[in-house]
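Engineer: When you get a sec, could you give me coordinates for this:
(chains A, B and C, ligands or ions: 2)
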Amino acid sequence: MTTTSAPPEPPRPKRRVGDRIFAGSATGAGILILVVLAGVAAFLVSEAWPAVTAPAGDIPGGDGLTAYIAPLIFGTLLAAVIALVVATPLAVAIALYITYYAPRRLAAGMGYVIDLLAAIPSVVYGFWGIAALAPAMVPFYVWAEEHLSFIPLFAGPASATGRTMLTAGLMLGVMILPIISAISREVFSQAPALHREAALALGATRWEMIKMAVLPYGKSGVIGGAMLGLGRALGETLAIAIVLSASGGITFNLISNSNPSTIAANIALKFPESTGLDVNTLIASGLALFVITLAVNMLARWVVNRRADFSGAN
Amino acid sequence: MTTATQPAPGGTEQQGLVERHRQLPRFALAGLFAVGAVVGVLASVLTGFNLVLAVIYAVVLGTLSVYVASRSVEGSRKAVDRLVTCVVTTAFAVAMVPLVSLIWTVLGRGLRRLDGEFFNSSMLGVVGEGGGAYHAILGTLIITGLTALISVPIGLLTAIYIVEYGTGRLKKAITFLVDVMTGIPSIVAGLFAFALFAIFFGPGVRLGIMGATALSVLMIPVVVRSSEEVLKLVPNELREAAYALGVPKWRTIVKVVIPTAIAGLATAVTLAIARVIGETAPLLITVGIINGTNLDPIDGRMATLPVFAYYQLTQPGFPPEFAIDRAWTAALILIILVMALNVVARLISRFFAPKTGR
Amino acid sequence: MAKRIDVSDLDIYYGNFLAVQGVNISIEPRSITALIGPSGCGKSTFLRSLNRMHEVIPGARVEGKVVIDGQDLYGADVDPVDVRRQIGMVFQRPNPFPTMSIYDNVAAGLRLNAKKVKKAELDDLVERSLKGANLWTEVKDRLNRPGSGLSGGQQQRLCIARAIAVEPEVLLMDEPCSALDPISTLAIEDLMTELKERFTIVIVTHNMQQAARVSESTGFFNLAGVGQPGRLVEFNPTEKIFSNPDEKATEDYISGRFG
Ligand SMILES: Nc1ncnc2c1ncn2[C@@H]1O[C@H](COP(=O)(O)OP(=O)(O)OP(=O)(O)O)[C@@H](O)[C@H]1O
Ligand SMILES: [Mg+2]
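Structural biologist: Ligands and ions are numbered 1, 2, ... in the order given. Got it, this is the predicted structure:
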């Protein structure tokens, strides 16, 4: 390879007016996005600041900002983790089913139906959660309290309405299922045909082929998709606000009526009636949520992109 | 050249060069599953019938009987394969349950108030029976329209920047930040719009345009992402063909790249609209709710369909059933809107894609 | 309107990678010049530098001079867009605009540049260009059908019609027949011989017979070695190149004793 040392800067090509305007506005739009994002961070910080500096006694609850936000963060994470644990295996199975098991002619339609699940507004999920899912879960909670209460998760007392952390988590799971399965589907279907056919040519069964040629290839894609789902679950607001009966502090008890709220749901519930420092406190909690989801999403992108670097798939 | 010389693990007999598998026929598998399932249902009937338990028993026993039979006839490798097939299929069926249940519930409860009055009247002065979401439907259309008006140009131009003009660090930074923006929780977008407007108008401010701003923060990255994908699909050869005719770059983009991608772009925009039209949380804190009709997005609170549904359900007043019915009907309309947008998107991409066939 | 091209000491870069080095060549007007050489030696790169298509690729640049009838293409005040209007190009793979009809494809050069032309004039131009590309009889009944509905060879002739419709002075063709069957190839070769009455044509080809059949002069590009830049090894009248070349490398390549 022939290289030259520091080539002389070529004369800037003359640009037409139309080109300059068009390129300028395109670049401007791109830069606007930088500005908006910086704005989101800056305005949140500036509006959260009074709550950070306020004396502990003025914060709702009276024990300072950390004590106010901590149970919310806990609740947010707990609900999201339940959702993730429920949704990921199901999503992977769905993706496998659609890519490798379903009859060819039906597969596209099935994928479309799953995508529709993602399009349903979250408030509707909330409606469904409180009207259908929660009551349906009650018998299980009663049973779990009777037989499983030695496990702290099922300590009870069982909720009579079903508006528990577990219900909220399951509902979130249903909501993020399509996100994870869409991405898994994508990476599974991109698994190199060469490897798959090689596996089949070696006499592998379908499952062995998937184990050998599809799952290793799709693993980081699935992880990335799961983390994107996690990001979505962390930020989910109204479905939780509707379904979760929130009153308590930090607890791992998933089937009772007193649960920690989540940051987003708490904001939605309290914001309309809040004034003064309460608003600042809520915004501070929103900032915390922003930071958490940001971290999760960046991690997810990193995982997904790392796959892109290594797989050689275009 | 390798198949025949592979060692044949469990269940296959090697005869010369050809491997023979003993196979269970399809109907036998289905039959086995059915037998297992019937036994499962019987078990649940004997222990006191419960629909959910019955289904679980049936699936588990059906799967087991297929596995055991396959293992004894076809060998363990094939049996595992069959087991996984059952598990994966079951998982798919399980995932369908919430969808069906959701549609069923919303239809069942939403149809009750799906009447003319619901579309013709607002909630002004309505206590108890009657009333409708006229004001909320219009509000949603106005705010979503405004959002699209803000987001589509910005999103499209940004995508054009990334695909056609961007180089170096700025491009990397913008691509990355669009990714970051995709992950902003909707409530945070609402808080942002609130904080932004509170600086100028004081903390009690509620405006339609605030909601549109918040929704734009959510919609722009979606538009950018998907239009970027679509623009990248336009073959470079077409751009070069235009350049070689002496067409300036911007005209190439406007007259060649965008028309070629127009179906994909329209689909992308439609889906992005579908994504924000049901957003509730940001509107809850930026636009609020009113009972009357306000169609002016720069003057005070407005009603929107999702927020309307939310408040009708959670603060139904007394007697509650009328408000709750309205809530479900609003939810049903939301779903119909979203589905309609999705269908439109499909149709656009089906009918307006450039014809390439011979 | 055909013009002569003088290239002197042209170095062509992709970023810091020197792809083609030290090209000196004079291309006569109203003639066909063929460029041959092994894959990767920089024929396309050189061709694209003749109408400043090269710099469309990010980081790509050239050093040296390309002069067309006394005007330096790479002069500081020269707009590449104007250069490309004078020097048309036909690509290896036919690339009609998929959103446009056959008619619109031919008219694209004018339409996309927002030239105000009367309908009748445009009709006339389209007909002349399609006739010039020997495509008129085949498509005159379906001018409003999509251009992508034609066969590969027809598409390529459509692209040629599109290129000559803007009445350039030079026509650059990068392996225009490599995706085509022998019949279409012959059709395009015949077309080239007609077109050279009006245009200066430079064609890249891997088909030695084609070069021998159609061109007056032939340039042989070669790599000096692995990782070395491509060079113009020999440039001579076509008969000489194919009967009695100056360079050993040329002879080896032409007689298939290459590498
Ligand atoms: N876009 C590009 N970026 C970087 N290097 C390039 C690019 N295009 C071509 N090259 C390099 O420049 C050199 C010349 O390539 P070019 O395409 O001009 O060869 P060619 O003679 O046309 O080959 P072929 O006969 O296969 O078409 C090669 O080493 C190639 O790798
Ligand atoms: Mg080439």
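
Engineer: The closest residue to chain B within the stretch 1-150 of chain C - nearest residue in space that isn't next to it in sequence?
Structural biologist: For the stretch 1-150 of chain C and chain B, the shortest gap (CB to the nearest CB) falls at C:Arg85, measuring 3.0 Å. C-betas here are computed from N, CA, C, even on glycine. Spatially, and ignoring its direct neighbours in sequence, C:Arg85 is nearest to B:Gly246 (3.0 Å; CB to CB, 6 or more residues apart in numbering or on different chains).

Engineer: Ok, B:Asn291 next?
Structural biologist: Once flanking residues are discounted, B:Asn291 sits nearest to B:Met123: 4.0 Å by CB to CB, 6+ apart.

Engineer: ok, now C:Glu63?
Structural biologist: C:Glu63's closest residue in space is C:Asp11 (CB to CB, 6+ apart), at 4.5 Å.

Engineer: So which bits of the strand or helix carrying the one you found are buried?
Structural biologist: Assessed by DSSP states H and E, C:Asp11 sits inside strand C:5-14. Neighbour counts over strand C:5-14 (16 or more other CB atoms under 10 Å in any protein chain shown) mark C:5, C:7, C:10-13 as buried.

Engineer: Just the residues contacting that strand, thanks.
Structural biologist: Under the contact criterion CB atoms under 8 Å, 6 or more residues apart in numbering or on different chains, strand C:5-14 has outside partners A:4, A:7, C:18-27, C:42, C:45-46, C:49-50, C:54, C:57, C:59-68, C:170, C:200, C:202, C:229.

Engineer: now it, how far from the chain's geometric center?
Structural biologist: Here the centre of strand C:5-14 is set off from its chain's centre by 16 Å, with CA atoms, centre = their mean, to the nearest Å.

Engineer: returning to what we had before: go through the helix or strand where the residue of the stretch 1-150 of chain C closest to chain B lies and flag the buried ones.
Structural biologist: For C:Arg85, the enclosing helix or strand under DSSP H and E is helix C:80-86. Buried residues in helix C:80-86, counted by 16+ other CB under 10 Å: C:80-81, C:83-86.

Engineer: which stretches of the chain have low pLDDT?
Structural biologist: Chain wasn't specified; assuming chain A. Residue ranges of chain A with pLDDT under 70: A:1-15, A:248, A:306-314.

Engineer: right idea, wrong chain: chain B
Structural biologist: Chain B contains residues with pLDDT under 70 at B:1-22, B:48-49, B:353-358.

Engineer: Alongside chain A, which residues does chain C contribute?
Structural biologist: Selection of chain C residues close to chain A by CB under 8 Å from any CB of the partner chain yields C:13, C:16-18, C:21, C:55, C:61, C:63, C:76-81, C:227-229.

Engineer: Just the buried subset of the residues you listed, please.
Structural biologist: C:13, C:18, C:21, C:55, C:61, C:63, C:78, C:80-81, C:229.

Engineer: I'd guess A:Asn297 is in a strand, am I close?
Structural biologist: No - using DSSP: H, G, I helix; E, B strand; the rest coil, the secondary structure at A:Asn297 is helix, not a strand.

Engineer: mind checking which helix or strand of chain C has the lowest mean pLDDT?
Structural biologist: helix C:182-195 (a mean of 86; mean pLDDT, DSSP states H and E).

Engineer: Report the secondary structure state of residue 114.
Structural biologist: Since no chain was named, I'll use chain A. helix.

Engineer: Oops, wrong one, chain C.
Structural biologist: Classified using three-state DSSP, C:Ala114 is coil.

Engineer: Just the CA atoms of stretch A:263-281, as PDB, please.
Structural biologist: Taking C-alpha atoms only, stretch A:263-281 is exported to PDB below (Å, rounded to 0.1, in the frame of the first residue of the first chain):
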ATOM      1  CA  ILE A 263     -40.300   6.800  39.100                       C
ATOM      2  CA  ALA A 264     -42.300   7.300  35.900                       C
ATOM      3  CA  ALA A 265     -45.600   6.200  37.400                       C
ATOM      4  CA  ASN A 266     -45.000   8.400  40.500                       C
ATOM      5  CA  ILE A 267     -44.400  11.400  38.300                       C
ATOM      6  CA  ALA A 268     -47.600  10.800  36.300                       C
ATOM      7  CA  LEU A 269     -49.600  10.400  39.500                       C
ATOM      8  CA  LYS A 270     -48.300  13.300  41.500                       C
ATOM      9  CA  PHE A 271     -47.300  15.800  38.800                       C
ATOM     10  CA  PRO A 272     -50.800  17.200  37.900                       C
ATOM     11  CA  GLU A 273     -51.500  18.200  41.500                       C
ATOM     12  CA  SER A 274     -48.000  19.300  42.500                       C
ATOM     13  CA  THR A 275     -46.600  22.800  42.900                       C
ATOM     14  CA  GLY A 276     -43.400  24.400  44.100                       C
ATOM     15  CA  LEU A 277     -40.700  22.200  45.400                       C
ATOM     16  CA  ASP A 278     -42.800  19.100  44.800                       C
ATOM     17  CA  VAL A 279     -42.500  19.700  41.100                       C
ATOM     18  CA  ASN A 280     -38.700  20.100  41.400                       C
ATOM     19  CA  THR A 281     -38.500  16.900  43.400                       C
END
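
Engineer: List the buried residues for it?
Structural biologist: Neighbour counts over stretch A:263-281 (16+ other CB under 10 Å) mark A:263-271, A:274, A:278-281 as buried.

Engineer: Distance to C:Thr193 and secondary structure added to those, as TSV?
Structural biologist: Formatted as TSV, the buried residues of stretch A:263-281 follow (distance: CB to CB, whole Å; DSSP: H, G, I helix; E, B strand; the rest coil):
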residue	distance to C:Thr193	secondary structure
A:Ile263	76	helix
A:Ala264	73	helix
A:Ala265	78	helix
A:Asn266	80	helix
A:Ile267	77	helix
A:Ala268	76	helix
A:Leu269	82	helix
A:Lys270	83	helix
A:Phe271	79	helix
A:Ser274	84	coil
A:Asp278	86	helix
A:Val279	81	helix
A:Asn280	82	helix
A:Thr281	83	helix
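
Engineer: which ones among those come in contact with chain B?
Structural biologist: Filtering these for proximity to chain B by CB under 8 Å from any CB leaves A:263-264, A:267-268, A:271, A:279.

Engineer: from these, which is closest to B:Ser44?
Structural biologist: Within the set of these, A:Ala264 lies nearest B:Ser44; the separation is 39.6 Å, counting by CB to CB.

Engineer: Chain B versus the spatially most central residue of chain C, what's the distance?
Structural biologist: Nearest to the mean C-alpha position of chain C, by CA atoms, centre = their mean, lies C:Leu172 at 1.7 Å. Plainly put, C:Leu172 is 8 Å away from chain B if you go by CB to the nearest CB, to the nearest Å.

Engineer: again with A:Ala168
Structural biologist: According to CB to the nearest CB, A:Ala168 stands 14 Å off from chain B.

Engineer: So that residue is in contact with A:Gly129, correct?
Structural biologist: Yes - with contact defined as CB atoms under 8 Å, A:Ala168 counts as touching A:Gly129 (7.3 Å).

Engineer: State the next helix or strand along the chain beyond the helix or strand where A:Ala233 lies.
Structural biologist: If you go by DSSP H and E, A:Ala233 is part of helix A:215-235. On the C-terminal side of helix A:215-235, the closest following helix or strand by DSSP H and E is helix A:238-243.
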